[in-house]
Every structure is written in C-alpha cells, then in structure tokens.
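In: Compute the structure for the input listed below.
(3 chains)
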Amino acid sequence: MANVVIFTSTLLLLLMPAFFDYYIKLLASSALALAILTISWLHLERDLGMASLGHSIPFGVSAYLFAINPSLLFLSPLTALLLYSLSMLGRTLFPFATFFLSVTFWYLAHHVVLGGRGGEEGFEAPSLDLNLAYTLSAVVFLLSYLLTWKVSNSGLGLKVRAVRDDEIAAKAIGMNPEPLKIFTFTFSCGLASITGVLHATIFGHVSPDVFSPYFSLFPFVAAMIGGRRLWSCILGSYAVVGLSWFLSPYVPGFHYLIYAITIILASRAQAYARSNRAV
Amino acid sequence: MTVTIYLFPAFIYASLALCVLLSYRGAKIVNLSLGSVFTLGGYSSMFSPLASPAVGALIGLLLHVCTKGMDTGRATLFSLGLAIAIEEALRISFRVEYVLLRSHIIHLFESKLVLEHFLAFLVSATFLASFLFFELRGSLGKLKLRVVEEDLEIAEIYGIDTERVRAIILVVSSAITCCLGGLYLSGRVISPTIGWLSLIFSCIIATIAHAFRDKAYILVLPVSLGLCWLTW
Amino acid sequence: MLEVIGLCKAFGKNVVLKGITFSLREGVLGIYGPNGSGKTTLLKIISGLEKPSHGRVFFNGEEITNKAPQEIVKLGIAMAFQIPRVFWNLTVYENVLLAAKEKGYAVEICDEFNLKDVISKKAREISQGKVKLLQLAMCFALRPKLALLDEPFASLDVESVRTVLGILKERRSHTSMIITAHHTKLLKSLSSYMFELRDGKIVRSG
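Out: Model (predicted):
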C-alpha cells in the first residue's frame, strides 16, 4: 500500500506541472533538477556518513563550465576529488570544511571574468525550450533515482555502508576503503554536476549565486523535510522550491515566513523517522 | 586606528566563533540562528541597551526547549527555520529594508572611537578571557563540558545534568551574540539579513579552530586575529 | 607457516613488546598472560593493523611486516577482536556476507555459529554474546589459513563458551589459530603449543 502511495504521489508531482503555465513549469523543472542534487547529497550522507554542506561546488562548477564552454565539462569530476580530500579531515569536520570551501567558491565566482562577461552578473548559458527542459529534468530525475537506488542496494552499496560503520573492521575483512570512498564521492558529485548543467539550461543564465549558502544548504533542508528517504527527495525539493519561490507572488512578504515555519515543523514532526533503507 | 579597525572585529568574531563552537560541541547543534540573533541585537538596541542580552537569552532558551532530544541534523534544521523566522519577523515588523542605528563618539588615545564598538570589544574581551580562564583552570565545570562533548550517555551515567549544561550553553551563547550585535551594529545601516555574513565568517573561524581538537577554544582568538588581518 | 622475529613495539615511552620471536608451523598456539602483557598488540601487528617499531613477520615465506591489513587478509590471515568490531547498522546476515562473499556460504556460517535466530536483526540489536559469535563467524567466513582470535571466550556465558569451544575444536583440523586468553584452562583443551607473555616478553613456553 505504501509503495502504491509513493509511486502515485511521485507520478503526480512529475506529470502535473506539465499541464500548468510557464511559471509553474519553470519552478517544477528547477525543483526536479534540485531533487537530483538532493538525491546526490543523501546518497553521500546516508551511505558514507559524510554530510556535505558544499554540494553547491560540483553543482556550481559544472553550471559555470557549461555556460563558459560546454567542452570544459570534462573538468567537473575534479570537484569529486576536492570533496574527497576534505573527507580526510574526518566526519565531524567535513561539513564545516565543505561549507568553508563553498563560501570561498562563492567569493571567487564574483571575480571570474572572461572577455568582458561574468563577474557579479554571471554568464549566459545555452538554454532549452521550457517544455523540453521540463521533460529532460523529469527523465534525468527518474534515471538518477533508479541508479542511486540500484547502487545503494547492490553489493557495492553494502560495502560502502560497512566502511561508514567501521573503517578498521572493513580493513580487517579485506576491504580497501579508499576506492569505495572515491567511488561514492564521484557518483554523488557526478549527479550534482548533472544538476548544475540542468539548472543552467533551465534558466539560461549562471551567476555566483549558484555557490551561495542557499544552494549549499538546499539538499540538507530538502532531504530533512522529505524524511531522509530517496523517493521523498522530490517531495522535499518541491516543498523548498514551492515555499521559497512559488508562494512569493501570492503572499509577498510572508512566503519566507511560511518557509521558516515549515522547516521548524518538519524538524519537530513526530512521524519523521530516520531510515537507512533505500526506498 | 588601524589596530582598532581590525582588533575590534577580530575579538567580536572570535566571540561569535566561540559561541558556534560551544553550540556544536557541547549542545550538539550547528546553531544557524546565531546570525539572526546578532541582527536581532541591533534592532533590540533601538529600544533599550539592556534589551539585547535579555532577548538573546530568551531565544537561546526557546532553542534549547524546542530542540531537546533532537539529533544534530534536526536541531540544525530547527535553528535554520528559527533564523529565517527571526529575519522575516524583523522585515515584517519594521517594514523598511534598512535602518540606521545611532551611536556615540568618544575620544580615546587621540582617536575617535564609536563608544558602542568599544563596549562590544570590552564585552567580547571579557567573554573570551573568562572562557580562557575556565578552560585553563582545570575545574570540575570544564571536565563536565569535556565529558558532555565526548559522550552524552556516559555523562548522564556519571550524574552530569546534560540538559542543564546544554541550556546554559545555548542561553549564554545567544545572549552574548545578541548583546554584541546590539553594540557592534551601532552606527551602521542594518537590514534583517546583515547577520549572515558575520555567521559565515564566524563559522570559518570555528572550522579552523575545531581542526585543533583539544586546543580549539584557546585558538579561536588567534585564528580570528589572523583571518581579520588577512581580510582587512 | 608464521614466523615472528625480534618483534618490538613501543607507544611513546611505553614499550609493549620486547623482542618477541616464535614460529608456528600449523595447529593452535595459545598465548596467555595478564592484562597489558602485549597479547592484543602482538595479534594486531601480525594482522597488519599496527606496525612494529622493530622486527619482522613472515607468513608462508613472504614478509608481511609492512603490508596493509586488507592485503594480509587476502594472504589468509583473519582476526577476531576482543572488543567486537562489526558493522552495527547492518544486519547479522549482511555482516557475514561481507566476509563470506557468497550467499549460500554466509547462511552456512550463520548456522554453524548459532546466529540463525538473529540473522535478520541489526548487529546493534543483538546481545553481546551473539555479537561475539558474529565476530568469530566473520573471521572464519574469510576462510583463513591462520585465524587470530583475541580473547574469544571473554564476556561469554557458559553455554556460549561451550559453543565456541566446540566450533574451534572442529575447525582446528583445517585452520591454524593463535588464541589469546587470560587463563590457561580453556587454552589447554585447544592448543598444541602455548606460551606466556608477561611485560612484553615470552617467559614460559611449552
């Protein structure tokens, strides 16, 4: 029964915006892209135990590379190595270090100027027709969800969770933790990079705000509101985008207050349960 | 004059960083509301100079009560919601984007200083010195804090009132932050979001200090001085 | 099979092992001694989890002194810790499967070590005695040529001690073991050879 509800609600969220106007479709496309970012963050946090507050880095770097010159996208996997190197600081320091780095990127992005373009205003990016962008976001979201679920439930996912629980015990049964960690970071940052490209194509523009704390904290907030389950990343993402952007023309001046109250209530919800299972 | 330009903010950011560090290590929460509390201090000071620490203490108590028993993730999420709620409440209440806070000028050592900024420096210096004394003295209180940081369960088994420790940390850190906001934001044009940059800078200082584990509390000020010197 | 030559280990100024030399061709070697005598450190060095300050370790003619623990496991040495190191958020079955790498074999091992009744429970939900059995199950699931068992009987009730003893007696015919314990009584019923470790030195052997 639960699976039917999950499937139906996900399908509704994917299909419904297609029948609405430009503004709804734009927000839905963005919410879907950011849902992929949330999935990538949740995979890293839940399976490897690394809560990144710097997922705006792979997101923003790939968006910038795509806007400047799409052929430069081959450089985006370097962000995975960057975040992996920060993981050596340990689990407690990792979130702060990633946040620190994302703020640094935010600052540096204001100074990226090429041929008179960029700086605070950012770069124009190749964009798609909104209907196409929306369809692409939906398809990529579904594929990302299925792929992440598959990886998480595979033998590889089991090994990654073992490393999360006890690295020394993992070594004691013959596992080498480092390749597993590198794989998880690469997979997570890869999905985040795809989100960056999608975001650029949807809005047709990239500015230093892609590295802002809003995008750094977005996957954390969306995942927590959604209940830290893979399937509910879409719910959490729609909730955050809906409350922070959608409501603004309808309740101007109050939409962020409603957003704040939702976050407070979500943190206190009794039915909110941590789950280590991929659903 | 150059010294005061970077010395005053260094002490104030060191105090904020210490509050961030204490909240994370002792109260198990990444207190994202401290930026908004800092801003709230500025707005509260318009009514009364004593309003800021009182308001800050109340916010800290609210945070403690509402996040009791929560894990770090949920408590951090709550603090983020609280931060945005404070910001929006200020925006809705004051209905203007920017507010200019009054200040008083004094003459000290042949320089013109903003009295409130000097007071903020004194408050933060006192706070840092008191905590340093507490840290180096090796008292029972320090041991309790260490044990709470290490393992809550074991702390409770050995009779430490962890809820009380948590409440003290959150109330004191919010009160100090609000008080510093009330003083340091004087003479400036403020807006509801002005506290975020201060929070981010303090988090950076806290992150660097935290890397030194046991010496983190002692190194907060040197790290702040170093970063302020680099950036000013 | 195993040759340990002149092994020394110091943690700062604290010298834990002082020139340990012994060899094991096959069978079960029992090491006993008081707390702090260096038993656990010795096993950790052989398994690669600690590096010695001086000395060398050879396994089947190959030097393993500076090899990583996961490489040593591949050579055929597995360790069961005194304080169990298992994956607390995974089920008993998942824990054993990670070591066994085959589903059928994992189920067999769970059956052999009396874990069938808790097979689908998470490691953090089972009793300490069962966790100890799980630790041993994981060690033997690796199909080691040499199993290093650090205080396998510690924290077990009488029934569980009998179970473990039975399993080890059955397995000793095809797996060599080094077993550490505080007391000699249990070791005597299992071991082909024994020595006492005291203050980091071998003081008595036989």
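In: Next up, the contacts around B:L199.
Out: Residues near B:L199 by CB atoms under 8 Å, 6 or more residues apart in numbering or on different chains: B:L16, B:V20, B:L32, B:L34, B:G35, B:F38. Quick note: C-beta positions are derived from backbone N, CA and C, even for glycine.
In: switch the cut-off to 10 Å
Out: A:213, B:16-17, B:19-20, B:31-39, B:83, B:177 (CB atoms under 10 Å, 6 or more residues apart in numbering or on different chains).
In: Likewise for B:E135?
Out: Contacts for B:E135 (CB under 10 Å, 6+ apart) come out as B:K142, B:L145, B:R146, B:D214, B:K215, B:A216, B:Y217, B:I218.
In: any idea how far the third one is from B:S15?
Out: What it means is B:R146. 21 Å (CB to CB, to the nearest Å).
In: Those two: who's more crowded?
Out: Legend: neighbour count by other CB atoms under 10 Å in any protein chain shown for B:R146 and B:S15, higher for B:S15 (29 against 14).
In: Where does confidence bottom out across the contacts of B:L199?
Out: Lowest pLDDT among the contacts of B:L199: A:P213, with 85.
In: Assign the spatially closest residue to B:I208 that is not a sequence neighbour to helix, strand or coil.
Out: Closest residue to B:I208 apart from its sequence neighbours, by CB to CB, 6 or more residues apart in numbering or on different chains: B:V223 at 4.9 Å. Under the three-state scheme (DSSP: H, G, I helix; E, B strand; the rest coil), B:V223 adopts helix.
In: And the pLDDT for B:V223?
Out: Note for B:V223: predicted pLDDT of 94.
In: which residues in the chain form helices?
Out: Assuming you mean chain A. A:2-15, A:22-48, A:56-68, A:78-87, A:94-109, A:130-152, A:155-165, A:167-172, A:177-203, A:213-226, A:233-241, A:255-268 (DSSP state H).
In: Wait, chain C was what I had in mind.
Out: So, for chain C - with DSSP H - the helices run C:39-47, C:69-75, C:92-100, C:103-112, C:128-141, C:158-171, C:184-190.
In: Next, format those helices as a markdown table and append mean pLDDT.
Out: Shown next, in a markdown table, are the helices of chain C (pLDDT from 0 to 100):
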| stretch | mean pLDDT |
| --- | --- |
| helix C:39-47 | 92 |
| helix C:69-75 | 88 |
| helix C:92-100 | 89 |
| helix C:103-112 | 92 |
| helix C:128-141 | 91 |
| helix C:158-171 | 88 |
| helix C:184-190 | 83 |
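In: Which of these sits closest to chain A?
Out: Across these, chain A has its closest neighbour in helix C:69-75 (3.6 Å, CB to the nearest CB).
In: any bit of that closest one sitting next to chain A?
Out: Yes: Helix C:69-75 comes into contact with chain A (CB under 10 Å from any CB of the partner chain), by way of C:P69, C:Q70, C:E71, C:I72, C:V73, C:K74, C:L75.
In: List the buried residues for that helix?
Out: C:P69, C:Q70, C:I72, C:V73, C:L75 (16 or more other CB atoms under 10 Å in any protein chain shown).
In: try stretch A:198-205
Out: Quick answer for stretch A:198-205 (16+ other CB under 10 Å): A:L198, A:H199, A:A200, A:T201, A:I202, A:F203.
In: how about the residues of chain C that lie near chain A?
Out: Proximity of chain C to chain A (CB under 10 Å from any CB) is limited to residues C:44, C:47-49, C:68-75, C:78-81, C:84-90, C:94-101, C:122-124, C:135, C:138-139, C:141-142, C:148.
In: I'd like to know which of the residues you listed are buried.
Out: In these, burial by neighbour count holds for C:44, C:47-49, C:69-70, C:72-73, C:75, C:78-81, C:84-87, C:89-90, C:94-100, C:122-123, C:135, C:138-139, C:141-142, C:148, counting by 16+ other CB under 10 Å.
In: Going by distance to chain C, which of the contacts of B:E135 wins?
Out: Nearest to chain C, judged by CB to the nearest CB, of those is B:D214 at 17.0 Å.
In: so what's the closest one up against?
Out: By CB under 10 Å, 6+ apart, the neighbours of B:D214 are B:E135, B:R146.
In: Likewise for A:G157?
Out: A:H43, A:D47, A:T148, A:W149, A:K150, A:V151, A:L180, A:T184, A:A278.
In: at 7 Å instead, please
Out: Residues counted as contacts of A:G157 (CB atoms under 7 Å, 6 or more residues apart in numbering or on different chains) are A:D47, A:V151.
In: if I look at it, how far off is chain B?
Out: 21 Å (CB to the nearest CB, to the nearest Å).
In: pretty sure C:Q70 contacts A:K171?
Out: Yes: under the criterion of CB atoms under 7 Å, C:Q70 makes contact with A:K171 at 5.2 Å.
In: Residue of chain C closest to chain B, please.
Out: C:R124 (13.5 Å).
In: show me what contacts that residue?
Out: C:W88, C:N89.
In: How about exporting the helix or strand of chain B with the lowest mean pLDDT as CSV, limited to the C-alpha atoms?
Out: Lowest by mean pLDDT, DSSP states H and E among the helices and strands of chain B is helix B:152-157, with a mean of 76. C-alpha atoms of helix B:152-157 as CSV (Å, rounded to 0.1, in the frame of the first residue of the first chain):
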residue,chain,number,x,y,z
LEU,B,152,26.2,12.3,26.4
GLU,B,153,25.2,8.8,27.6
ILE,B,154,28.3,8.3,29.7
ALA,B,155,28.0,11.9,31.0
GLU,B,156,24.4,11.1,32.3
ILE,B,157,25.5,7.7,33.8
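In: Show the secondary-structure elements that the helix or strand following it is packed against.
Out: Counting by DSSP states H and E, the element after helix B:152-157 in chain order, helix or strand, is helix B:162-184. Contacts defined by 3 or more CB pairs under 7 Å, 6 or more residues apart in numbering or on different chains; DSSP states H and E place helix B:162-184 against helix B:2-25, helix B:34-44, helix B:51-66, helix B:115-137, helix B:140-150, helix B:152-157.
In: out of the ones you listed, deepest packed?
Out: helix B:34-44 (a mean of 28; mean count of other CB atoms under 10 Å in any protein chain shown).
In: so what secondary structure elements neighbour it?
Out: So helix B:34-44, by 3+ CB pairs under 7 Å, 6+ apart, packs with helix B:2-25, helix B:51-66, helix B:72-94, helix B:162-184, helix B:195-210.
In: what's the burial count for the residue nearest to C:A10 when sequence neighbours are not counted?
Out: Leaving out its chain neighbours, the residue that sits closest to C:A10 by CB to CB, 6+ apart is C:S53, at 5.0 Å. Neighbours of C:S53 under the rule other CB under 10 Å: 14.
In: that older thread, what is the lowest-pLDDT residue among the contacts of B:E135?
Out: The member of these with the lowest pLDDT is B:D214, at 80.
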